[in-house]
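Student: Model the following, please.
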Amino acid sequence: MQVADILKEKGERVVTTREATAVTEVAEILRDEQIGAVLVNTDEGAIAGIISERDIVRSIADRGAQTLDLSVADLMTRSVVTCTPETDTEELMNQMLSGHLRHLPVLEDGALVGLVSINDVVKNVLSELTWIRGALEDQVAKSAAWATDED
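Tutor: Down below sits the predicted model:
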């Protein structure tokens, strides 16, 4: 399976914001959209960074209520790891686990085509395992029937 398969199920919609956006506004976006991260774009549409619930919570732990007066630029992660639609899900999982990443933008020829989360990957893997289990159970049932079939 590839990232493209995940995007077929999930869709390609990506919620974005700008660096000047207030942290309180991003928190509302995260809540309203029921997502864990928002991609930060430059005015030209390039990826400037990513801001997540985790970034906001860590800042609250470090700075307290001051966090609410900050902008996205103050908290976002600037070095964003990406993947492509052709990235294999096993490679994606390794990339996410080794980097402690929960969200990866998907780029195709430099253009943003989606955003995958660890949740999306888990759903995809569970779906694949369910399919494999069904196929194996079917094979076992056919083998058992064939073994007891007396011609």
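
Student: For the rest of this, base every contact and every neighbour count on C-alpha atoms.
Tutor: Will do.

Student: Tell me the pLDDT of residue 71.
Tutor: Residue 71 is assigned 97 on the pLDDT scale.

Student: Find the residue closest to it in space, skipping its chain neighbours.
Tutor: Among residues not flanking residue 71 along the chain, residue 22 sits closest, at 4.3 Å (C-alpha to C-alpha, 6 or more residues apart in numbering).

Student: surely the one you found meets residue 72?
Tutor: Yes: between residue 22 and residue 72 there is a contact under C-alpha atoms under 8 Å: 6.0 Å.

Student: Of those two, which one has the most company?
Tutor: Using other C-alpha atoms under 10 Å, the more surrounded residue of residue 22 and residue 72 is residue 72, with 25 against 18.

Student: I'd say that one and residue 25 touch.
Tutor: No: using C-alpha under 8 Å, residue 72 makes no contact with residue 25, being 9.3 Å away.

Student: one step back: can you tell me how far the residue nearest to residue 71 is from residue 91?
Tutor: Applying C-alpha to C-alpha, to the nearest Å, the value for residue 22 to residue 91 is 35 Å.

Student: what's the answer for residue 2, then?
Tutor: To residue 91, residue 2 is 9 Å away according to C-alpha to C-alpha.

Student: At the geometric centre of this protein, which residue sits there?
Tutor: Centroid check for the chain by C-alpha atoms, centre = their mean gives residue 117 as the closest residue, at 1.5 Å.

Student: where does it fall, phi/psi-wise?
Tutor: Main-chain dihedrals, residue 117, degrees, to the nearest 10: phi -110, psi 170.

Student: Repeat that for residue 110.
Tutor: phi 80, psi -10.

Student: Just give me the neighbour total for it.
Tutor: Neighbours of residue 110 (other C-alpha under 10 Å): 9.

Student: Give me the below-cutoff pLDDT ranges for this structure.
Tutor: Scanning the chain with the threshold set as pLDDT under 70 gives 145, 147-151.

Student: how about the longest helix seen in it: buried residues?
Tutor: With residue count as the measure and DSSP state H as the assignment, the chain has helix 118-148 as its longest helix. Along helix 118-148, these residues count as buried under the neighbour rule (16 or more other C-alpha atoms under 10 Å): 118, 120-121, 124-125.
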